[in-house]
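1. Return a 3D structure for these sequence lines:
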Amino acid sequence: MQPFWRKLASLHDAITSASFAGAAAVLAAIAFSFCYEVTARYFFAAPTSWANAFVSYLLCAAIFLAVPELTRRRAHVAINLLIDRLSPKSAVVLNRVVRAAGAAACLLATWISGNATLDQINLGIDTISAYPIPKWWVSIFIPYGMLSAGLYFLRDLLSDDAGGGNASLMP
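-> Have a look, this model is predicted:
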C-alpha cells in the first residue's frame, strides 16, 4: 500500500508545482496590466476600463494557486514562541496538534467555499463589475487551495517526522 501513497503524494506535489507556476504567471499578468494601466493613463491620457476588474479577478487565483506550495514548504506564517520554549517531546506533541488543527481548518474552509462555489454555479451568480463574469470563475480557486493545503497538513501530520520534517514525504 505504501507505493500507492507515494505515487499519490508525487501526483499531489506535481499538481502543486504546476499551480505555483500558474500563480507566478497570474502575478505576471497582474503586474503587466497595472503597468499598462499606468502607462495608458499617465502617458497617453487613455485609462483602461478593464484593468481594475482584471486584477481583482486574478488576485484570488494568484493567492489560492500559491497557498498549497507555501504550505508544503512550511512557508506560511508561524509564531514559534511557545514551541521554542517547550521540551523537544512537548514541542513534537504541540506541532502535531497545530498540524491537525491546520488540516481541520483548511478542510472546513474547503467544504464551506466549495458549497458556496457550487451555489454560484447553480444560481448563475455573476460578479458586480463593469465587466461581470460568472463568480465561480473567481472563487473556484479557494476550495482548490484550501483542499490542497489541508492535504499537506495531513501529510505532514502523518509523516514519520511530524515534529519538523519535510511535508512532501509520506509514510
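2. for the lowest-mean-pLDDT helix or strand in the chain, packing partners?
-> Ranked by mean pLDDT, DSSP states H and E, the weakest helix or strand in the chain is helix 81-85, scoring a mean of 85. Applying 3 or more CB pairs under 8 Å, 6 or more residues apart in numbering; DSSP states H and E, one finds that helix 81-85 contacts helix 88-123. In short, each C-beta sits where N, CA and C put it, glycine included.
3. so what does the helix it packs on touch, helix or strand wise?
-> Counting contacts by 3+ CB pairs under 8 Å, 6+ apart, helix 88-123 is packed against helix 81-85, helix 136-139, helix 141-158.
4. Give the buried residues for it.
-> Using 16 or more other CB atoms under 10 Å as the test for burial, helix 88-123 gives 91-92, 95, 98-99, 102-103, 106-107, 109-110, 113-114, 117, 120.
5. go on, stretch 74-85?
-> For stretch 74-85, the neighbour count (16+ other CB under 10 Å) marks residue 83 as buried.
6. let's have the chain start at 664 instead
-> Got it, the first residue is 664 from now on, which makes the last one we talked about stretch 737-748.
7. what's the span of that stretch from first residue to last?
-> Terminal residues of stretch 737-748 lie 20 Å apart, using CA to CA, to the nearest Å.
8. and that stretch, how far out from the chain's middle?
-> Mean-position distance between stretch 737-748 and its chain equals 20 Å (CA atoms, centre = their mean, to the nearest Å).
9. Check what contacts it and list those residues.
-> Applying CB atoms under 8 Å, 6 or more residues apart in numbering, the contact partners of stretch 737-748 are 732-733, 754, 757-758, 819, 830.
10. name the element residue 729 belongs to?
-> Per DSSP states H and E, residue 729 falls inside helix 714-735.
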